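mind folding the following:
(chains A, B, C and D)
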Protein chains: 2
Amino acid sequence: MYAPSEAARRSGFSLDTLRYYEKIGLLSDIGRTSGGRRVFTDEDLSWLVLFRCLRDTGMPIAEMCRYAELARAGEHTAGERRALLERHAARVEEQMQLLQRQYDHLREKIRFYDRLG
Amino acid sequence: MYAPSEAARRSGFSLDTLRYYEKIGLLSDIGRTSGGRRVFTDEDLSWLVLFRCLRDTGMPIAEMCRYAELARAGEHTAGERRALLERHAARVEEQMQLLQRQYDHLREKIRFYDRLG
DNA sequence: TTTCAACCTGGAGCGCGCTCCAGGTCAAGC
DNA sequence: GCTTGACCTGGAGCGCGCTCCAGGTTGAAA
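This is a model prediction of the structure:
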């Protein structure tokens, strides 16, 4: 059981972002204290870790929502969820290749300056 | 000498983006026909290729402007330009490492689904 | 000569993903 | 009991990087 600030610290999302994610339905059924404050469980945290992974790899929020919806819909969506992640992973591979290519260009440009000075 | 549409095609930027880059001073001294149409030279194109590289690796436009300014200021800014690119390259390295790490997580998640089905 | 796609300008608008704010509530420590 | 900092809500605002639009001009081909 984690307070909002602790969940934020552990996930790397800001408090505002956690609230925002709940508001748009990416997070759901976040527990509350009697006083109305959010309580994050380990399971919530593991969702946040997944979201962190997906965001860091460039998945749009709308697609994460889709994934979360599928997961909520039950076991029978496992195949579709897998496919969604697989498509995303393929895009990430392309992204990594592009990044590597452009990084190489960048390094070459820097070497050009090195030869000057 | 390239027409705008050809420069767009070769650089991968849209016509609107090329105009935007000129407007904000990222591109400067783009030639014009007597009728007022832009004419891109090979040198302009090589700038665009560099901008493509920097954008693809996540450099903010403001920083590309700074780089372009330095280049316009003359030879004596070469060191500063090199340093700017070097700092950027270091950030790109971190970005690549993060991306790789999160890609690995993603692949692991997908393997989890594979074991289910 | 006419046509029409490509181009021009200035400026508004947009999509994304937060981020901030006002005004109020809660709860742990003194 | 009071203070104080963490938290709450609804909604507005923002920064970035374009993207689109209206209304007009250009110039090569038919």
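
need the residues of chain A near DNA strand C, please.
For chain A, the residues in contact with DNA strand C (Cβ under 7 Å from any atom of the strand) are A:14, A:16-17, A:19-20, A:33-37, A:55, A:60-62. (Glycine included, C-beta is placed from N, CA and C.)

give me that answer again for 10 Å
A:3, A:12-21, A:23-24, A:26, A:32-37, A:51-52, A:54-56, A:58-65 (Cβ under 10 Å from any atom of the strand).

near DNA strand D, from these?
Subset of these in contact with DNA strand D: A:3, A:15, A:16, A:18, A:19, A:20, A:23, A:32, A:33, A:35, A:36, A:37, counting by Cβ under 10 Å from any atom of the strand.

tell me the two of the residues you listed that are most distant?
Farthest pair in these (Cβ to Cβ) is A:20 and A:35. Separation: 21.3 Å.

looking at those two, which is more packed in?
residue A:20 (14 against 5; other Cβ atoms under 10 Å in any protein chain shown).

need the three-state assignment for the more buried one.
Counting by DSSP: H, G, I helix; E, B strand; the rest coil, the backbone at residue A:20 sits in helix.

for DNA strand C, what's its nearest residue on chain A.
Closest residue of chain A to DNA strand C, Cβ to the nearest atom of the strand: residue A:35 (2.4 Å).

which SS state does that residue fall under?
Criterion first, three-state DSSP; result for residue A:35: coil.

and it, how far is that from residue A:3?
Per Cβ to Cβ, to the nearest Å, residue A:35 is found 12 Å from residue A:3.

again, but for residue A:88
Plainly put, residue A:88 is 31 Å away from residue A:3 if you go by Cβ to Cβ.

can you check residue A:104 too?
Noted for residue A:104: a distance of 45 Å to residue A:3, by Cβ to Cβ.
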